[in-house]
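J.: this is the structure alone, sequence omitted:
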């Protein structure tokens, strides 16, 4: 594989193009999400995340950046061989707690520690880098305007669990039915599927683009060790319980560890690999995902009471919590600045919990 730098798009400030009425659209998204947040709070008398509310395990591990990477891959966190402590949270996408028998996109949120470099958010002094990944290579609502339509549909049916279940199932299977109802057509999305499989066998993607130092990329985490690769495509059992995914994660890591590989897909054509529409899948024949680091997770207790409370109520994961070299790109990412901040503030205030950004894995309870 050649890594001739001239084939890769160079990052510049001018790559992003703000959408028409984008600020007003983001205002409407945030207001709708907060209204749904309040409804979910009233239901549970406890504040959850506006997305990825249901946690299935919180794990501590380490990320080893590979040595001798070619120059285009040697960027940002991955610029030099290094080992970073990591805390990760496994989840499903809805902003409410649904049975695991209902298919829903899975999430893997990573927080890397001891990451040097200028932070994105003003006044932030932490040395962490978050990567938020989902088991789809694209996001069904790939720009802020589509995001608003989907959010409005979910809010409209927030009190109708059966309709929410249908919308979530449609999104889990590529989003075609729900998006067609919204007047959004995308044949690429129609080809995607998401059956209800074991969460540890999934490959998780950033879906939207990020700055990758001097370049632009998408990121994924793929099963690497034989034991997690063996779980890929393994369906949940017919009589799965409401917390089946949590039980699978806890049972697995109680006796064994697992490895995943972080890979990046560099942008080679800004027209065919747009950053302003995250619903477009980047062609892996034109630019395959290339390995940059290994994530190692040792055996541990993945869902103790203390760890659950710390991860659900105290910790926050946000694609904007990180360094300038990995700036999130595109309107869907710009919408997340206010969306994540608003959701986090509501959750911490309503649960009366401190908002802590860790600098040592020992702060995560066992």
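T.: Cool, the structure landed. Everything quoted here is computed from the prediction, not taken from an experiment.
J.: if I look at residue 355, what pLDDT would I see?
T.: Residue 355 is assigned a predicted lDDT (pLDDT) of 87.
J.: next one: residue 187
T.: On the pLDDT scale, residue 187 is placed at 42.
J.: from here on, call the first residue 58.
T.: In the new count, where the first residue is 58, that last one comes out as residue 244.
J.: quickly note the distance from residue 146 to residue 295.
T.: Distance, residue 146 to residue 295, by C-beta to C-beta, to the nearest Å: 28 Å. Where you see a C-beta, it was placed from the backbone N, CA and C, and this is true even at glycine.
J.: out of the two, which sits in the busier spot?
T.: Using other C-beta atoms under 10 Å, the more surrounded residue of residue 146 and residue 295 is residue 146, with 21 against 6.
J.: quick one: contacts for that one?
T.: By C-beta atoms under 8 Å, 6 or more residues apart in numbering, the contact list for residue 146 reads 109, 112, 114-116, 164-166, 368, 372, 374.
J.: ok, now residue 65?
T.: Residues near residue 65 by C-beta under 8 Å, 6+ apart: 129, 272, 323-325, 344.
J.: in ChimeraX, select just the buried ones from these.
T.: Those of the contacts of residue 65 that count as buried under 16 or more other C-beta atoms under 10 Å are selected in ChimeraX with:
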select :129,272,323,324,325,344
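J.: any stretches of the stretch 208-357 of the chain with poor pLDDT?
T.: 217-251 (pLDDT under 70).
J.: what about 90?
T.: Low-confidence segments of the stretch 208-357 of the chain (pLDDT under 90): 208-253, 295, 336.
J.: show me which of the contacts of residue 65 is closest to residue 413.
T.: residue 272 (32.8 Å; C-beta to C-beta).
J.: tell me the bridge partners for that closest one.
T.: Bridge pairing for residue 272 (DSSP bridges) gives the partners residue 67, residue 269.
J.: any idea how far residue 333 is from residue 79?
T.: 10 Å.
J.: do residue 354 as well
T.: With distances taken as C-beta to C-beta, residue 354 is found 34 Å from residue 333.
J.: in strands, which of the contacts of residue 65 appear?
T.: 272, 323 (DSSP state E).
J.: hey, what's in contact with both of residue 79 and residue 333?
T.: Contact with both residue 79 and residue 333 is made by residues residue 388, according to C-beta under 8 Å, 6+ apart.
J.: tell me which of the two has more neighbours.
T.: Ranked by neighbour count (other C-beta under 10 Å), residue 79 and residue 333 place residue 333 first, with 22 against 16.
J.: check contacts around the closest residue in space to that one that isn't next to it in sequence.
T.: Leaving aside its chain neighbours, residue 333 sits nearest to residue 387 (5.0 Å; criterion: C-beta to C-beta, 6 or more residues apart in numbering). Counting by C-beta under 8 Å, 6+ apart, residue 387 makes contact with 73, 200, 265-266, 331-335.
J.: including secondary structure, could these go into a markdown table?
T.: Converted to a markdown table, the contacts of residue 387 look like this (DSSP: H, G, I helix; E, B strand; the rest coil):
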| residue | secondary structure |
| --- | --- |
| 73 | coil |
| 200 | coil |
| 265 | coil |
| 266 | coil |
| 331 | coil |
| 332 | coil |
| 333 | coil |
| 334 | coil |
| 335 | coil |
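J.: identify, from those residues, the entry nearest to residue 391.
T.: Using C-beta to C-beta, the contacts of residue 387 come closest to residue 391 at residue 73, 7.8 Å.
J.: how many neighbouring residues does the closest one have?
T.: For residue 73, using other C-beta under 10 Å, the count is 19.
J.: residue 317 too?
T.: Residue 317: 28 neighbours (other C-beta under 10 Å).
J.: list the contacts of it.
T.: Counting by C-beta under 8 Å, 6+ apart, residue 317 has contacts 278-281, 285, 351-352, 354.
J.: max pairwise distance over the contacts of residue 146: which two?
T.: 109 and 116 (15.3 Å).
J.: now do the SS call for the closest residue to residue 299 other than its chain neighbours.
T.: Spatially, and ignoring its direct neighbours in sequence, residue 299 is nearest to residue 156 (4.3 Å; C-beta to C-beta, 6+ apart). Under the three-state scheme (three-state DSSP), residue 156 adopts coil.
J.: what does residue 146 give?
T.: Classification of residue 146 by three-state DSSP places it in strand.
J.: is residue 75 in contact with residue 386, as I believe?
T.: No - in this structure, residue 75 is not within contact of residue 386 by C-beta atoms under 8 Å, at 11.9 Å.
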